[in-house]
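> Got a predicted structure here, sequence first:
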Amino acid sequence: MAKGDGCSKLNRELSVGEVAERSGLAVSTLHFYESKGLIKSWRTGGNQRRYARDVLRRVSIIKVAQRTGIPLAEIKAALDTLPDGRTPNKKDWTRLSARWHEELDARIEQLTRLRDSLDGCIGCGCLSMKSCPLRNPGDRAAELGSGAWYLEEVRRKS
Ligand code: FES
């Protein structure tokens, strides 16, 4: 059978519609991923997009990473570390997912602290720079004493 005669399942390339159907993503999402350099295609003589079959694995990895809250720019940076822009294999996935696991842990810890701070703010509404942990997280200037310490420091240096 020749290319383009309906035997694309046998070929190693997929149309954008096939990728969308198999990945569960909208065609517009695939176009968006492509515009961000996360996936790549080539054009047929009829100017239609074609993807290598391994784009399905790449798209799965992008979706999983997005579900954990990893920004697209970071996903792209991680995928860009792979030689020749190849799709992550099992070993690559282990490395990438371990890194994202650490980032997710850090984010969970940060959100937990934020949630706990919010507990003290419920029903308050003061949003005080002096006493509200959400307005002034960590109260970085507290140990310097009262007053505009940072402003004084700028004045002293100028
Ligand atoms: S709003 Fe009052 S302590 Fe945060």
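Everything's here; your move.
> For burial, what's the neighbour tally of residue 23?
Neighbour count for residue 23, taken as other CB atoms under 10 Å: 20. In short, each C-beta sits where N, CA and C put it, glycine included.
> Tell me the secondary structure of the nearest residue to it once chain neighbours are set aside, please.
Residue nearest to residue 23 in three dimensions, not counting chain neighbours: residue 59, with 4.6 Å by CB to CB, 6 or more residues apart in numbering. Under DSSP: H, G, I helix; E, B strand; the rest coil, the three-state class of residue 59 is helix.
> which residue ranges form the helices in this structure?
16-23, 27-35, 55-67, 72-80, 90-121, 149-157 (DSSP state H).
> Can you say which of those helices is nearest to the ligand?
Nearest of the helices of the chain to the ligand, taken as CB to the nearest ligand atom: helix 90-121 at 3.3 Å.
> So which bits of this structure are right by the ligand?
Contact residues (CB under 6 Å from any ligand atom) of the chain with the ligand: 120-121, 124-128, 131-132, 134.
> Turn these into a markdown table, including neighbour count and pLDDT.
Supplementary listing: the residues of the chain next to the ligand in a markdown table, determined by neighbours: other CB atoms under 10 Å; pLDDT from 0 to 100:
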| residue | neighbour count | pLDDT |
| --- | --- | --- |
| 120 | 12 | 83 |
| 121 | 14 | 87 |
| 124 | 11 | 87 |
| 125 | 8 | 85 |
| 126 | 10 | 88 |
| 127 | 11 | 86 |
| 128 | 11 | 86 |
| 131 | 13 | 82 |
| 132 | 17 | 86 |
| 134 | 12 | 82 |
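> What average pLDDT does stretch 91-101 get?
The pLDDT scores in stretch 91-101 average 90.
> now the residue nearest to residue 117 when sequence neighbours are not counted: how far from residue 125?
Leaving aside its chain neighbours, residue 117 sits nearest to residue 133 (4.0 Å; criterion: CB to CB, 6+ apart). Note on residue 133: its distance to residue 125, by CB to CB, to the nearest Å, is 14 Å.
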